[in-house]
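[1] just coords:
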């Protein structure tokens, strides 16, 4: 029987995640997931692709979303009251323009000091109406694309076996930054074919495979790039038709509710893998 064994949300895009035993599921994914984003002076979103030091920043958001606390090694902790009413500004997420609410100069100074480049912090506005792509359309805040990223332990186990054949140490699950980790699927990449899923009182619809980038080469504990793995090994058996490598699956939210570690994962409908 398959079940949820890990739940993680990432309050600030690119920064460290927060593990949870239970989390509300909203139309945009786990509550508070990627609700904030660090941007440069021109409003372009920062990610670990160019700023791997984001991995060392640990944000904590209050249950009601009104307070944000920022931690980083060797820097003073910063506590902020989240601003949802200030003027909106344009932000750029992979070439698509969205709106953001700037969180003020104090936050900007903190991120600039920690990352060593001019930065500001923005929050997704309450009226954010992004529509995500894939077989099942949905919405998300500042995630790369869809609301949820699902990965199974069997899938990671297969990769680590292939890495071991090359003499490469195993990788932890957090290298891939999933929201939901499933155990109990014996066959690796079962998530490719699980096209409609019921977990607790929620339902998810398959959107697309997760095409991976250089972020998978960043050690989340150190913020250091450690390539060429895992992309080199994944290229041997997980090449996506549109280019790159696919690892894990993106889902849209069909029915909101509450997710908990230990929830049974029931596949309502199956489909062929797009790989």
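    That came in fine, so what should we check first? From a predicted model like this one, the values you see are computed outputs, not experimental measurements.
[2] all contacts plus neighbour counts: C-alpha atoms, from now on.
    Will do.
[3] Contact partners for the closest residue to residue 43 other than its chain neighbours?
    Spatial nearest neighbour of residue 43, excluding adjacent residues (Cα to Cα, 6 or more residues apart in numbering): residue 91 at 4.5 Å. By Cα atoms under 8 Å, 6 or more residues apart in numbering, the contact list for residue 91 reads 39, 42, 43, 44, 45, 97, 98, 99, 100.
[4] What residues are bridge-paired with residue 91?
    Note on residue 91: beta-bridge partners residue 98, judged by DSSP bridges.
[5] what does stretch 112-124 rub up against?
    With contact meaning Cα under 8 Å, 6+ apart, stretch 112-124 is reached by 35-41, 51, 53-54, 72, 75, 83-84, 99-105, 107-109, 111, 141-142.
[6] Counting only helices, which of the residues you listed make the cut?
    105, 107, 108, 109, 111 (DSSP state H).
[7] which one of those is nearest residue 156?
    residue 111 (32.6 Å; Cα to Cα).
[8] what about that closest one, neighbour count?
    When neighbours are counted by other Cα atoms under 10 Å, residue 111 registers 22.
[9] likewise residue 79?
    Number of residues near residue 79 (other Cα under 10 Å) recorded here: 16.
[10] on that earlier part again, out of the contacts of residue 91, grab the one that's most surrounded.
    For the contacts of residue 91, the largest neighbour count, defined by other Cα under 10 Å, is 27 neighbours, found at residue 100.
[11] Contacts only, for that residue.
    Going by Cα under 8 Å, 6+ apart, residue 100 touches 88, 89, 90, 91, 122, 123, 124, 125.
[12] And it, how close does it get to residue 13?
    Residue 100 sits 13 Å away from residue 13, going by Cα to Cα, to the nearest Å.
[13] same thing with residue 57?
    Counting by Cα to Cα, the gap from residue 57 to residue 13 is 11 Å.
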